[in-house]
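> No letters, just coordinates:
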């Protein structure tokens, strides 16, 4: 039976504390429904963009958004299909979490992993949703040298079955969801059960496990972004653990990977927490005279955009408010300027609005 070997280090404990603290802030934040929907949509877009970009998909964030919105994008059919497939993966894990979540204690299955892979590789691989039948190796893309050799194909079904049995064990059920998700991600990446799409499947399953253990955190987070910011660290940390010289696979110490994984979740949760707190402040702010102001949704979106991008020009209006006229946006900016929250720099045609 699969038995993970790891230690709960001070690094892991500190980051678990940060995760839980951020989670409480996010869950208890009184976000208006429109902002909650916006955060979920953005998290979905980040999940899909960074999850595919990490595996070499060249589409930009904006191009991914266009694909998801049904707009025409000039790119390879495969790149577009990968984006559409990963959206279907996210929809699937959402549906599984809702279905199982209502029934209480879940029983994880191999079929769930196979379906995630089928959706990941639909119209890309001919045998999606099936374990590999041949040996594969992972090579360094620059040197061509073999950097990792996964288990032989004949062992794959039994190794995945062992992992699933562990997921459903009492030991795993009592574990902190983030640590459990990290262990599952590592083991699926190590087994490498498919010819392609292993990384996306591993991260999707880790996300699903967190959802099932009530760590969906309003579906505001994406595990993918932190890994995609420095993909070399991501792959080297995985491979360094997998390439440990041990006589038995159960002797591999996955502590370094867990430290990296848990830190990534902590960074992502803190990123969301800070945005939630900032919007909560922006929603109810004092003007220069000290009176309390309640900003409307469009005004809050302007403040959020200015916080993130440091400025807004006329050409940004369409990006932020595709369904509103320029005159409507200018009225909101005029209100924010009058209240001393925003100032205008530059002439009429090259006007730049910034936080005051």
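Ah, there it is. Owing to the predicted nature of the structure, the values given are computational and were not obtained by experimental measurement.
> Buried residues in whatever helix or strand residue 256 lives in, which are they?
Using DSSP states H and E, residue 256 falls within helix 255-283. For helix 255-283, the neighbour count (16 or more other Cβ atoms under 10 Å) marks 255-273, 275-276, 279, 282-283 as buried. From N, CA and C alone the C-beta is placed, and that goes for glycine too.
> Same check on stretch 295-304?
Buried residues in stretch 295-304, counted by 16+ other Cβ under 10 Å: 295, 298-304.
> Let me know the average pLDDT across it.
Per-residue pLDDT over stretch 295-304 has a mean of 81.
> Residue 181: neighbouring residues, count only.
Using other Cβ atoms under 10 Å, residue 181 has 26 neighbouring residues.
> That one and residue 209 touch, don't they?
Yes - assessed by Cβ atoms under 8 Å, residue 181 is found in contact with residue 209 at 4.7 Å.
> And for stretch 110-123, what's in contact with it?
81, 85-86, 88-89, 92-93, 96, 128-131, 160-161, 164, 188, 193-194, 196-197, 200-201, 204-205, 208 (Cβ atoms under 8 Å, 6 or more residues apart in numbering).
> all strands of the protein, in order?
For the chain, the strands defined by DSSP state E cover 138-139, 146-148, 284-286, 292-294, 312-313, 342-345, 352-355.
> which stretch in those strands is the model least sure about?
Mean pLDDT per stretch puts strand 284-286 lowest among the strands of the chain, at a mean of 55.
> show me the contacts for residue 200.
Residue 200 makes contact with 51-52, 55, 86, 89, 120, according to Cβ under 8 Å, 6+ apart.
> one step back: tell me which of the buried residues of stretch 295-304 fall in helices.
Among those, the residues falling in helices (DSSP state H) are 298-304.
> Mind putting those into JSON lines with distance to residue 27?
Shown next, in JSON lines, are these (distance: Cβ to Cβ, whole Å):
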{"residue": "298", "distance to residue 27": "26"}
{"residue": "299", "distance to residue 27": "25"}
{"residue": "300", "distance to residue 27": "20"}
{"residue": "301", "distance to residue 27": "23"}
{"residue": "302", "distance to residue 27": "26"}
{"residue": "303", "distance to residue 27": "23"}
{"residue": "304", "distance to residue 27": "20"}
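> closest to residue 7 among the residues you listed?
The nearest member of those to residue 7, counting by Cβ to Cβ, is residue 304 at 40.5 Å.
> and residue 97, how many neighbours?
Neighbours around residue 97, by other Cβ under 10 Å: 21.
> nearest residue to it other than its sequence neighbours?
residue 211 (3.7 Å; Cβ to Cβ, 6 or more residues apart in numbering).
> if I look at that neighbour, how far off is residue 221?
10 Å (Cβ to Cβ, to the nearest Å).
> Just want to know which of those two has more residues nearby.
residue 221 (26 against 21).
> pretty sure that one contacts residue 272?
Yes - at 5.8 Å, residue 221 counts as touching residue 272 under the criterion of Cβ under 8 Å.
> Of the contacts of residue 200, which belong to helices?
51-52, 86, 89, 120.
> now those residues in a markdown table, with pLDDT, distance to residue 176 and neighbour count?
Below are those laid out as a markdown table (pLDDT from 0 to 100; distance: Cβ to Cβ, whole Å; neighbours: other Cβ atoms under 10 Å):
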| residue | pLDDT | distance to residue 176 | neighbour count |
| --- | --- | --- | --- |
| 51 | 95 | 23 | 27 |
| 52 | 96 | 29 | 24 |
| 86 | 97 | 27 | 28 |
| 89 | 97 | 24 | 27 |
| 120 | 97 | 27 | 28 |
